[in-house]
Each structure stands twice: as C-alpha cells, then as structure tokens.
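A.B. asks: next input, structure requested:
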Amino acid sequence: MMSKRYEKAAGVINRKTPYTIERAVTLLQELPAVKFDETVDLSVSLNIDPKKTDQVVRGTVTLPHGTGKTRRVVVFCQGEQELLAKEAGADAVGGADLIEKVQGGWLDFDVAVASPGMMRDVSRLGKILGPRGMMPNPKSGTVTEDVAKAVKEVKQGKIEFKMDKLANIHVVIGKRSFQPQQLVENARVALEAIVRARPSAAKGRMIKRVILSSTMSPGVPLEAGALETEPSQEP
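C.D. replies: Numbering: from 1, shown residues only. Next up, the predicted model:
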C-alpha cells in the first residue's frame, strides 16, 4: 500500500512526458521530503540482449561531485604497497591476514582493490565477493600495481556500473541534499559514460528509457533520445 506522501508525489509527475535532466532534478527535490537524506539514482533500460556475451555494457566513471557516501576501501597487497595504500586513505590493508578475515565473514567495506601479485590468493574470495559485485577486476581498475591511485579514485567518486540480467543499469548519482547542479552534472557524466561503453555489436539506439528517482520517491522519466546519436549504418 502506497503512503499518502508517495501518492502525492506521484500525482505531480507526468509519467507520459519525459523531462530534461535539469527539470527532473528540480521536480525530484520539490517532492515531499522524508526524515533522512535520500539517495538519488538513475535506472537505465537498454536496448541490448543480455544473453549475448558480446553485448555486455560495463565500465567505470568518476562522478565530479561524488555519491555523497564515504566508500570504505580494502586493499590486498604486500610490502611497500601496504604503506602507500594506507597513505592514500585505504580503510584496511593486508595480505593473507586480510583474506582470512574476509573468509571469516568480515565484509565491512564497499570496494576491494588488489595488486596483481595477490590475485591468486584473493581468488579464493570469489564466492564471497563475486555475488556482491566486489571482486577486484582489471577492467574496473581495482586490480593494479598502483593501489594508491585506485584508492584515491574510489574516494574521489569513481564508481563501477554493469548491466544486469534484465539489461538495466542502476547508478547512484548523489544525495537529495546535493545542490541541483551537482546532481545534474553527476547524471550527465554517468549517462555519457554508459553511452561510451556501448558494445560494437549493439544495433540501433542503445538507451530505451532512463528514470531518475530517490530512495522513497516515484520515478521521473528523462528524455532518453537526446542522450545518444543514432549510430551510422553500413551501406
């Protein structure tokens, strides 16, 4: 059963008329507020066949204004890299000891980074970190010799996005308390990154629908057509 606050908010939004990003953000922030600072995210529906491995859409993007959440980073490394990771702001650093701790059920972190030399041992955590989307991966920049740089990037707002089994991508772009322009800029940067991640095998327009919403709000449809140009067709 929907709350009266939700019903009131839903009545303000025209679901049949997509909004510009600027108008959608303004509208979202004008909706009745709740008692906590809601997370704002984008839900992007893709014109992609998720069953085809050559059409997976994934990548990373650094949001100019971050997500509004302090992300906890652990680094699996040894030797000098441990000190560098700590100086960069890592929340936990270690080798076999840290792996054992995670195997024991400790998961008080959001992102895991690893040096290439540690991946053979870190792979034992695949069944724990994999389903949570936290397994270090070279494609996302979380398996690297420069662990300090990876930590700094995450702390500065770098996030990973990946298409799910229903060909949707969900990206957190900030908090409702952000300034409108901050949410607009984060949204544009995130959407541009998704468009750049377009697989070469995809045909026609890739983005079908984009919805902006906060934790407790109904979705606000965005104008998806302006986000990408129609790919050229081979003669």
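A.B. asks: what pLDDT, on average, does the longest helix along the chain get?
C.D. replies: Among the elements of the chain assigned as helix by DSSP state H, the one spanning the most residues is helix 180-196. Mean pLDDT, taken over the full extent of helix 180-196, equals 95.
A.B. asks: buried ones in it?
C.D. replies: Neighbour counts over helix 180-196 (16 or more other C-beta atoms under 10 Å) mark Gln182, Leu183, Val184, Glu185, Asn186, Ala187, Val189, Ala190, Leu191, Ala193, Ile194 as buried. Heads up, the C-betas are built off the backbone N, CA and C, glycines and all.
A.B. asks: one more: stretch 76-95?
C.D. replies: When neighbours are counted by 16+ other C-beta under 10 Å, the buried residues of stretch 76-95 are found to be 76-77, 81-82, 84-85, 88, 90-95.
A.B. asks: just stretch 151-164 next, same as before
C.D. replies: In terms of neighbour count (16+ other C-beta under 10 Å), stretch 151-164 has its buried residues at Val151, Lys152, Glu153, Val154, Lys155, Gly157, Lys158, Ile159, Glu160, Phe161, Lys162, Met163.
A.B. asks: those in helices, which ones?
C.D. replies: If you go by DSSP H, these have Val151, Lys152, Glu153, Val154, Lys155 in helices.
A.B. asks: how about TSV for those residues, with distance to Glu223 added?
C.D. replies: Output for these, formatted as TSV (distance: C-beta to C-beta, whole Å):
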residue	distance to Glu223
Val151	37
Lys152	35
Glu153	30
Val154	31
Lys155	33
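A.B. asks: all strands of this protein, in order?
C.D. replies: Along the chain, the segments classed as strands by DSSP state E run 39-46, 58-62, 73-76, 92-94, 111-114, 158-162, 168-175, 207-214, 220-221.
A.B. asks: how about the buried residues of stretch 76-95 in CSV, adding distance to Pro32 and pLDDT?
C.D. replies: Supplementary listing: the buried residues of stretch 76-95 in CSV, determined by distance: C-beta to C-beta, whole Å; pLDDT from 0 to 100:
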residue, distance to Pro32, pLDDT
Phe76, 45, 98
Cys77, 47, 97
Gln81, 49, 96
Glu82, 48, 96
Leu84, 47, 97
Ala85, 43, 97
Ala88, 41, 96
Ala90, 40, 97
Asp91, 36, 97
Ala92, 40, 97
Val93, 44, 97
Gly94, 46, 96
Gly95, 50, 96
